Structures are given as C-alpha cells and as structure tokens.
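Peer 1: coordinates only, sequence not included:
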C-alpha cells in the first residue's frame with residue numbers, strides 16, 4: 001500500500017430514528033422517481049408521523065416510448081403517483097407539469113424550487129443524484145443544488161439514486177418498510193408493462209446492504225449528503241473525474 005493512501009470508510013448505516021427527524025420534501029423529475037429513489041425513507045418519515053411532500057416536476061408524458069398506452073398518459077401517471085404516495089402512508093403531492101424530457105428548457109427552475117422549499121419548510125430535502133444519466137434527472141439535481149444555495153439556513157439535502165449508482169455517504173435501513181415501498185411501486189401499472197421495476201428496485205436495495213454486517217438489515221437506500229456550501233467544489237470534482245474517465249479510460253472497441 002502506498003504511503004499516504006487514504007482508506008475510505010464504509011457508508012454509515014442510519015436508522016429510522018436518525019433519518020426521519022421532521023417534515024420532508026422529495027423532488028422528483030418524473031412520476032415514480034420519488035418512490036424508486038427514496039420511497040422507503042419517505043415511508044419511515046410517515047411512520048414517525050412527519051409531514052411528507054412530493055413535488056413532481058414533469059408530466060411523465062414520455063413514459064410510453066412504444067406508444068402502447070391508451071387514453072391520457074399524463075392523467076394516468078399522475079393518478080399512479082398519487083396512489084403510490086398514498087400507499088407510503090399518505091404523502092402530499094404537487095405536480096408542476098413541465099414537459100417530460102425537456103426540463104432543461106424550463107426557465108427559473110432553481111428559483112422556483114427555492115421558493116417552494118421555503119414554503120414547505122422541510123427538515124430534509126430529497127433530490128435526484130447529480131450522477132444520474134437521464135437529462136431530466138440531471139437538470140433536477142443541478143436545480144435543487146442551486147436552490148439550496150439560495151436559501152438562508154437551508155435544510156439537510158440528501159441526493160437519491162434512480163438510474164445510476166452514486167458515491168453515497170450514508171445508507172438507510174428500509175427493511176421494516178420494504179413491503180410498503182414495493183406496494184407503492186406496483187401502483188405504476190403503465191411503467192410495469194415496460195420494466196421490471198419491482199425486481200430492479202429490490203435488487204438495488206439489497207445490493208446496498210453488501211457491507212452491512214447486521215443480517216437483519218436486508219434492504220437499504222443510499223444517499224449523498226451534500227452541504228450547500230460544498231456544492232460547487234463537489235460538482236467541479238465530479239466534472240473533472242468524468243472528463244478523465246472519458247479521455248483516459250475508454251473502453252477498447
């Protein structure tokens with residue numbers, strides 16, 4: 001081992017008592033991201049009696065690329081999201097209805113998010129990971145992090161993962177509410193015909209316990225706790241890493 005090499009510790013495992021400490025707000029790019037990314041942790045908040053608010057940014061109209069759905073897909077996905085949030089224990093929902101796939105075109109998104117966060121006054125804000133690949137997810141992440149810097153005395157900001165793993169710095173034991181999370185995912189019938197959402201969600205939650213020695217912890221959700229004052233340095237480091245990965249570590253063809 002080279003001298004000076006820093007050994008990174010495993011992510012701390014947080015219990016419901018440590019994470020569900022007040023009202024929460026989850027920012028989701030599309031209907032179902034709020035459940036897939038942090039549905040278990042939201043259920044823990046509700047089980048503790050805390051208010052939970054979900055903000056869905058887009059209308060979800062791009063959720064049927066094969067065109068197999070009939071009727072109003074936007075109305076259907078909104079209803080699915082509302083039912084999923086009800087199954088978590090009763091989560092308030094707000095739908096901004098921006099065009100799916102075009103979130104980058106929305107002007108003033110971070111300003112609007114900052115205003116909404118102030119109105120909800122949560123103890124914790126959950127938002128998509130900046131390591132997400134989907135453009136809407138990435139835009140939502142950047143807008144949320146910018147909003148965090150606009151707020152005086154900002155709450156705790158925790159990034160969640162949906163479509164891409166991230167370098168997390170905390171995981172939350174959701175074993176006790178995994179049944180609720182699965183039930184919520186099953187509400188998205190329009191998406192289940194295209195993806196095995198339950199199987200994929202269960203696999204990710206199980207994999208996140210790989211370094212947990214307690215055999216009773218069977219499922220967990222991963223989070224990245226980002227301090228608003230460290231956002232710019234974190235993004236700069238991330239961008240540098242991505243550029244190096246693209247230029248130096250190309251997969252041979």
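Peer 2: Here it is on my side, so go on. What you are looking at is a predicted structure, and each value in this text was computed from that prediction instead of being measured.
Peer 1: wait, residue 216 touches residue 209, no?
Peer 2: No. Between residue 216 and residue 209 there is no contact under Cβ atoms under 8 Å: 10.0 Å. (Glycine included, C-beta is placed from N, CA and C.)
Peer 1: so the two - more neighbours on which side?
Peer 2: More crowded of residue 216 and residue 209, by other Cβ atoms under 10 Å: residue 209, with 19 against 8.
Peer 1: so which helix or strand takes in the more buried one?
Peer 2: For residue 209, there is no enclosing helix or strand under DSSP states H and E.
Peer 1: how close does it sit to residue 221?
Peer 2: The gap separating residue 209 from residue 221 is 10 Å, by Cβ to Cβ, to the nearest Å.
Peer 1: give the residues shared as contacts by those two.
Peer 2: Shared contacts of residue 209 and residue 221 (Cβ atoms under 8 Å, 6 or more residues apart in numbering): residue 171.
Peer 1: show the pLDDT at residue 249.
Peer 2: Residue 249 is assigned 58 on the pLDDT scale.
Peer 1: repeat for the one 4 residues further on
Peer 2: Reading off the confidence values, residue 253 has pLDDT 53.
Peer 1: my read: residue 43 touches residue 181, true?
Peer 2: Yes. Using Cβ under 8 Å, residue 43 makes contact with residue 181 at a distance of 6.3 Å.
Peer 1: now do the shared contacts for those two.
Peer 2: With Cβ under 8 Å, 6+ apart, residue 43 and residue 181 have common neighbours 88, 174.
Peer 1: excluding chain neighbours, what is closest to residue 151?
Peer 2: residue 114 (5.6 Å; Cβ to Cβ, 6 or more residues apart in numbering).
Peer 1: same deal with residue 139?
Peer 2: In this structure, residue 139 finds its nearest non-sequential neighbour in residue 103, 4.4 Å apart by Cβ to Cβ, 6+ apart.
Peer 1: one more: residue 226?
Peer 2: residue 157 is the one closest to residue 226 (Cβ to Cβ, 6+ apart), at 5.3 Å.
Peer 1: against which helices or strands is the helix or strand where the one you found lies packed?
Peer 2: Using DSSP H and E, residue 157 sits in strand 156-160. Under the contact definition 3 or more Cβ pairs under 8 Å, 6 or more residues apart in numbering; DSSP states H and E, strand 156-160 sits against helix 33-47, strand 124-128, helix 135-150, strand 220-225.
Peer 1: if we use 10 Å, what do you get?
Peer 2: Helices and strands touching strand 156-160, by 3 or more Cβ pairs under 10 Å, 6 or more residues apart in numbering; DSSP states H and E, are strand 24-28, helix 33-47, strand 124-128, helix 135-150, strand 170-173, strand 220-225.
Peer 1: let me have those in CSV, adding mean neighbour count and mean pLDDT as columns.
Peer 2: Formatted as CSV, the helices and strands packed on strand 156-160 follow (neighbours: other Cβ atoms under 10 Å; pLDDT from 0 to 100):
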stretch, mean neighbour count, mean pLDDT
strand 24-28, 28, 98
helix 33-47, 28, 97
strand 124-128, 27, 98
helix 135-150, 22, 96
strand 170-173, 23, 95
strand 220-225, 24, 96
